[in-house]
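Asks: after the sequence you'll find the predicted model.
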Amino acid sequence: MNLLTQPVGPMHYLLVGAVLFVCGVICMTAKRNALGVLMGIELVLNGATLNFVAFGSRFLRGDSASSLGLDGQLMALFVIVLAAAEAAVALAIALNFYHTHATIDVDDASELKG
Amino acid sequence: MAEYLKTFLPESYAWLAYTAAAAVHVALLFVLAMMIVAVSNWAERKIAGRLQDRLGPTRVGGRFGWLQSVADGLKLLTKEDLVPAGADRFLFRLAPYLCFCASFSVYLALPMASGWVAQPMNVAVFFVLAVAGLEVLGVILAGYASGSKWSLFGGMREAAQVVSYEVPLALCAAIPVMVAGTMDLVEIGNRQAGGFWQWQIFHDPFTFLTFFVFLTCAVASVNRAPFDLAEAESELVAGFMTEYSGFRWSVFFMAEYASMFAVSVLGAILFFGGWNGPLPVASLLGLTCENHPLAGYLGGLLGLCNLLVKGYLGIIFMMWLRWTLPRLRIDQVMTVCLKYCIPLAAAMLLGAMLWCYALPGGLWAAVENFGG
Amino acid sequence: MSVAIQWHSLFFLLMALAACGAALAVVLSANVVRMAFWLVVSLGAVAGLFFLAGADLVGTLQLMVYVGGTLVLLVFGVMLTARQPFVDMRTAPTQWLVAALVGASLLAVLWQAALSVDRWAGRGQTLADRQAQAEPTAAPLGLALVGVRVDKPDQADPRLRDGMAGYLLPFEVISVHLVVVLIGAAHLARAKRRPTSPEPPQTPRTPE
């Protein structure tokens, strides 16, 4: 196959990142379980992180002058840490919702509906 | 090795040489871990017996029951394959293998002698801690997928315990990393070459105390008694493993022993000099790589024996603890973690940091400077 | 040489297929526990991709923090809410259609952007000069977090070099942020005692 004999560049990482991002977006829009929506958010963040790491990788770019270098990896580090924090808060909100409404279905979160 | 094998094959089959070399390395690691599991199984029963003033297995394979592990393994392989009716079949079948993979992947980064490591990484300590923490996912899925509330409780308790103890474990592992200045396990081991006074546990009193906190957290994070609530036989039947029997149970069991050995070896490399013995025998006898490749190999073998002995002493200590101390309750477990281990580890980190700043070179350098 | 490049690309292909396949499985699963499992597989494969790109510290961090921390938290949340009606919730087909259309158009835009820049394709480089560029990242990352950019002198372009600052302030900010988030989450998730609360959540019944 063509891919196996050719070196891998940032483009391939971008393609994978795009697939993860889109899967995350579909999860966020189409899942009724609030935790399913949260899983979509995680996928979206990972797709974006892959992009950062791909552009920051000197190994993939081959010429260090054009890569982000450490900045890409530092961004990835910050994204991972902040994603963990955001998942904790989102889970706390979801569990609060579950305790007060006895359901985790986001379709039932309609009290502010006009 | 791959280059050597490549000379035998035509050019278009060069990939076969790489695959064969990789397969040999994988087989070596796998066999190492499996031997540890088999020997630990036998040792557990013998040590348990002796501590309880009885003999343990004495029939299978001679007077000391050497083949008891083999007999146990055969029995487990031939048991009926049960999946409970209310279980989630796919996750039920998958969970033991998740634990197993996490537990065995740790051996990728553990060096057995200077330079004898499957994948040299400069973030080896971090990798070991990260991958060892992935076992908890297998445990939770096993507890959920069994379809019984006792399994679920056992799984959740164990997950809470392992995840909480990862924090002080990582803090305690960070202290020798800070003293050595690198996360690469091969480097850390090499820095402790010389006599036993070069070992990092004797570097400063804070690192000395850290070892004991590390030991406690390591025992807790592999769920051995006195922290073995997840398998508490008198409370939860067998916790998350209740519905598992036969081969799948043995996979969990292999994962537990493999991680016990892995954290023992990690502790040995971080604190006790790894493959360096108490006296620098290998360099005294001239068994280093500079003299002759074969001499270097023999020196490495000596180092491997040293490391295996240290790791095994760790396992025997954990077994001794299991059959001596009573089990802790879940709230006591969490109290020990949050109120004792974490503050102690943080205080040790601060102390070791100040010591490294004020007295670089360790205790013995400080003593020498004081005298002179 | 060509054999060696093949290995990297082969492993990239395996990890990429695992990541994308598991992400698709997350979307297509109806059972929330299985979704969580496939998410674990996907993020583990993403960690593998990080390792293959030479970012070993970030890959290990992904395994430890994301898979071993965030996902465990998520799975705990799933377990706590896995009562029978909520384990398998299906969405109406029309909503799936709209979501699929949005997803497909977004994917088309992103893929077209990724394939458009020729320089990103990675052609024409041998493994040797790539490996010459790869170097350990743990110590430089740690130093950058406390404000010292050791990779600054390597940057040839002077304008880019001037823009390379240390990351001490963001480090402080996220430390404070994490403390705030922990306190907030603990406060939100505290056990509340109210005289007229709705039915307390029972232990989950056996799932099918």
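Replies: Thanks, I have the structure now.
Asks: quick one: buried residues of the helix or strand where B:Phe253 lies?
Replies: When secondary structure is defined by DSSP states H and E, B:Phe253 falls within helix B:247-271. Of the residues in helix B:247-271, those with enough neighbours to count as buried (16 or more other CB atoms under 10 Å in any protein chain shown) are B:248-271. In this view, the C-beta of every residue, glycine as well, is placed from N, C-alpha and C.
Asks: how deep is C:Asp118 tucked in, by neighbour count?
Replies: With neighbours defined by other CB atoms under 10 Å in any protein chain shown, the count for C:Asp118 comes to 9.
Asks: where is the longest helix in chain C?
Replies: In chain C, ranked by residue count with DSSP state H as the criterion, the top helix is helix C:2-28.
Asks: so where's chain A shaky on pLDDT?
Replies: Counting by pLDDT under 70, the ranges of chain A that qualify are A:1-5, A:62-67, A:114.
Asks: the spatially most central residue of chain B: what's it in contact with?
Replies: Within chain B, one residue has its C-alpha closest to the average C-alpha position: by CA atoms, centre = their mean, that is B:Ala262, at 1.7 Å. Neighbouring residues of B:Ala262 by CB atoms under 8 Å, 6 or more residues apart in numbering or on different chains: B:103, B:106-107, B:110, B:128, B:132.
Asks: let's see which of those end up in helices.
Replies: Mapping these onto helices (DSSP H) picks out B:103, B:128, B:132.
Asks: need the pLDDT of the last one.
Replies: With respect to pLDDT, B:Ala132 has a value of 88.
Asks: which residue comes closest to B:Tyr312 once chain neighbours are left out?
Replies: Leaving aside its sequence neighbours, B:Tyr312 sits nearest to B:Ser264 (CB to CB, 6 or more residues apart in numbering or on different chains; 7.4 Å).
Asks: could you list the low-pLDDT ranges of chain C?
Replies: Chain C contains residues with pLDDT under 70 at C:1-5, C:122-134, C:154-156, C:193-208.
Asks: show me how it divides into domains.
Replies: Each structural domain of chain C that the record assigns through automatic domain parsing is listed here as a residue range: C:1-115, C:135-191.
Asks: tell me how far the first one lies from the chain's centre.
Replies: So the one you mean is domain C:1-115. Computed by CA atoms, centre = their mean, to the nearest Å, the chain-centroid distance of domain C:1-115 equals 8 Å.
Asks: the last one now?
Replies: In terms of CA atoms, centre = their mean, the gap separating the centre of domain C:135-191 from the centre of its chain is 18 Å.
Asks: tell me how far the closest residue in space to C:Ala22 that isn't next to it in sequence lies from C:Gln62.
Replies: Of all residues not flanking C:Ala22 in the chain, C:Ser42 sits nearest, at 3.6 Å (CB to CB, 6+ apart). Distance of C:Ser42 to C:Gln62, given as CB to CB, to the nearest Å: 11 Å.
Asks: these two: who's more crowded?
Replies: Neighbours of C:Ser42 and C:Gln62, each counted by other CB under 10 Å, are more numerous for C:Gln62; the result is 30 against 27.
Asks: pretty sure that one sits against A:Val79.
Replies: No - assessed by CB atoms under 8 Å, C:Gln62 is found out of contact with A:Val79, at 9.9 Å.
Asks: list residues touching both of those two?
Replies: Listed as contacting both C:Gln62 and A:Val79 by CB under 8 Å, 6+ apart are A:Thr49.
Asks: stretch C:164-184 near chain B at all?
Replies: No - using CB under 8 Å from any CB of the partner chain, no contact is recorded between stretch C:164-184 and chain B, whose separation bottoms out at 12.3 Å.
Asks: buried set for that stretch?
Replies: C:164, C:166-167, C:170-171, C:174, C:181.
Asks: returning to what we had before: contacting residues for the residue nearest to B:Tyr312?
Replies: So B:Ser264 contacts B:218, B:310-315, B:318 (CB under 8 Å, 6+ apart).
Asks: at 7 Å what do you get?
Replies: With contacts defined as CB atoms under 7 Å, 6 or more residues apart in numbering or on different chains, the neighbours of B:Ser264 are B:311, B:314-315.
Asks: one more: C:Val102?
Replies: A:25, A:29.
Asks: in what helix or strand does it lie?
Replies: Remark: C:Val102 resides in helix C:93-116, with elements defined by DSSP H and E.
Asks: what's near enough to touch C:Trp38?
Replies: Applying CB under 7 Å, 6+ apart as the definition, the contact partners of C:Trp38 turn out to be C:22, C:25-26, C:29.
Asks: hmm, try it at 10 Å
Replies: C:Trp38 makes contact with A:39, C:21-29, according to CB atoms under 10 Å, 6 or more residues apart in numbering or on different chains.
Asks: C-alpha coordinates for the helix or strand encompassing B:Val333, PDB please?
Replies: Taking DSSP H and E as the criterion, B:Val333 maps to helix B:330-335. As requested, C-alpha coordinates have been extracted for helix B:330-335 and formatted as PDB (Å, rounded to 0.1, in the frame of the first residue of the first chain):
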ATOM      1  CA  ILE B 330     -12.300   1.400  53.200                       C
ATOM      2  CA  ASP B 331     -12.500   4.500  55.200                       C
ATOM      3  CA  GLN B 332      -9.300   3.700  57.000                       C
ATOM      4  CA  VAL B 333      -7.700   3.100  53.600                       C
ATOM      5  CA  MET B 334      -8.700   6.500  52.300                       C
ATOM      6  CA  THR B 335      -7.700   8.100  55.600                       C
END
